[in-house]
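> Just the structure for this:
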Amino acid sequence: MSRENAYATLRVERDGPVATVVLARPDVRNAFDDAMIAELTAAFAGLSAEDGVRAVVLTGEGKTFCAGADVHWMRKAAGYSREENREDARKMARMLRTIDVCSRPVIGKIRGAAIGGGVGLAAVCDIAIASRETVFSLAEVKLGILPAAISPYVLRAIGARLARDYFLTGDRFDAEEARRIGLLHAAVEDAELDAAVERKIDSLLTSGPEAVAAAKKLIDTVSGMDIDAAFPATAEAIADRRASEEGKEGLTAFLEKRRPRWSGSR
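Sure thing, here's the model as predicted:
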């Protein structure tokens, strides 16, 4: 496994077609600040465009995935003007959206705790898997603030009705509850977390990489549309895929009862 050390708050590691982005501030439970927000934005923008990357794992160093915002950064932000706070929020929103639209599938490997913005990071992952011991909380209201930047992604995952509970109370909930309400795709024993993520990666590597990127874009485009409004976008999407070289290769491989060229490249 190769390691890239261009970042101060992250590690980016490569293992063949799989990149792992590790939040690397374990001394503060991987809480994010303005530096980490900028570096996450840059890292995911780069991986989205990097040849050979087929999947990205997002995880945290040490015992905690992400404890939300760094208290020292929050203390500094308390002295910001309204416009400075607005620009800070825009940077956070851009970071989340950059991860959300990354052309490679993003798998969250989550353990320990995901608090506040950590819940937002879980919500922007395409597939989120956590150890059963993980604790979650949208605790911003306990500090008199709001989970504003993360709200579109958390609402997309759990819906407005459940958000009325967790946004307003800041109550903690466990991984099984996070799975039940849609924030997680799976909750497993901690000893099984690595294997569960590896199985999902192996499955993704059997899918056409261009089709995976197109599927992410299709979901983003069609979500929220009614069926009639979605029709043109869906027709164009399938026509493009069927006419593509990857689509032709996939169909030919199926008919010839062989694996497509992209499969099993790890």
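> Pull the residues that contact the regular element (helix or strand) spanning residue 212.
Element membership for residue 212 (DSSP states H and E) is helix 209-222. Helix 209-222 is contacted from outside by 54, 100-101, 103-105, 126, 204, 230, 233-234, 237, 240-241, 244, 246-247, 250, 262, using Cβ atoms under 8 Å, 6 or more residues apart in numbering. C-betas here are computed from N, CA, C, even on glycine.
> and what of stretch 199-206?
If you take Cβ under 8 Å, 6+ apart as the criterion, stretch 199-206 is touched by 17-18, 54-55, 57, 105, 107, 127, 129, 212, 259, 262-266.
> Pull the most distant pair out of those.
Greatest spatial distance among the contacts of stretch 199-206 (Cβ to Cβ): 129 and 259, at 25.8 Å.
> Show me which of those two is the more surrounded one.
residue 129 (27 against 11; other Cβ atoms under 10 Å).
> Kindly confirm whether my reading is correct that that one touches residue 185.
Yes. Residue 129 is within contact range of residue 185, at 6.1 Å (criterion: Cβ atoms under 8 Å).
> Overlap of the contact sets of those two?
Joint contacts of residue 129 and residue 185 (Cβ under 8 Å, 6+ apart) do not exist.
> and the end-to-end length of stretch 171-185?
Separation of the first and last residues of stretch 171-185 by Cα to Cα, to the nearest Å is 21 Å.
> And for stretch 217-226?
Here the two ends of stretch 217-226 are set 17 Å apart, with distance taken as Cα to Cα.
> What of stretch 110-122?
Stretch 110-122 stretches 8 Å from its first residue to its last (Cα to Cα).
> Just the mean pLDDT for that stretch, thanks.
The pLDDT scores in stretch 110-122 average 98.
> now stretch 70-82
Stretch 70-82 comes out at a mean pLDDT of 83.
> list the buried ones in that stretch?
For stretch 70-82, the buried set under the neighbour-count rule, 16 or more other Cβ atoms under 10 Å, comprises 70, 73, 77.
> Nearest to residue 25 among these?
residue 70 (7.8 Å).
> From residue 30, how far out is the closest one?
Per Cβ to Cβ, to the nearest Å, residue 70 is found 9 Å from residue 30.
> shaky segments in the chain?
Scanning the chain for pLDDT under 70 picks out 4-5, 264-266.
> Pop the domain breakdown of it in here.
Per automatic domain parsing, the structural domains of the chain span 2-204, 209-255.
> how much does the host helix or strand of residue 86 deviate in direction from helix 209-222?
Residue 86 belongs to helix 82-100 when assigned by DSSP H and E. In terms of direction (axes from the mean of the first three to the mean of the last three Cα atoms, to 10 degrees), helix 82-100 departs from helix 209-222 by 130 degrees.
> Helices of the stretch 151-266 of the chain, start to end?
Assigned by DSSP state H, counting those that start in this stretch, the stretch 151-266 of the chain shows helices spanning 151-169, 175-181, 193-204, 209-222, 227-243, 245-255.
> quick one: which helix or strand includes residue 3?
Per DSSP H and E, residue 3 falls inside strand 2-4.
> on that earlier part again, of all the domains of the chain, which gets the most neighbours per residue?
Compared across the domains of the chain, domain 2-204 shows the largest average neighbour count, a mean of 18 (mean count of other Cβ atoms under 10 Å).
> thinking again about what came up before, what lies in contact with the next helix or strand after the helix holding residue 86?
Later in the chain than helix 82-100, the nearest helix or strand by DSSP H and E is strand 106-110. The set of residues external to strand 106-110 that reach it, using Cβ under 8 Å, 6+ apart, is 44, 55-60, 65, 99, 121-122, 124-131, 134, 184, 193-194, 197, 200-201, 204.
> which non-adjacent residue is nearest residue 28?
Nearest residue to residue 28, sequence neighbours excluded (Cβ to Cβ, 6 or more residues apart in numbering): residue 70, at 5.7 Å.
> gap between the one you found and residue 184?
24 Å.
> coming back round to it: nearest to residue 34, of the buried residues of stretch 70-82?
Once Cβ to Cβ is applied, the member of these that ends up nearest residue 34 is residue 73, at 6.2 Å.
> Check what contacts the helix or strand in which the closest one is found and list those residues.
Per DSSP H and E, residue 73 falls inside helix 71-77. The contact list for helix 71-77, computed with Cβ under 8 Å, 6+ apart, reads 28, 31, 32, 33, 34, 84, 85, 88, 143.
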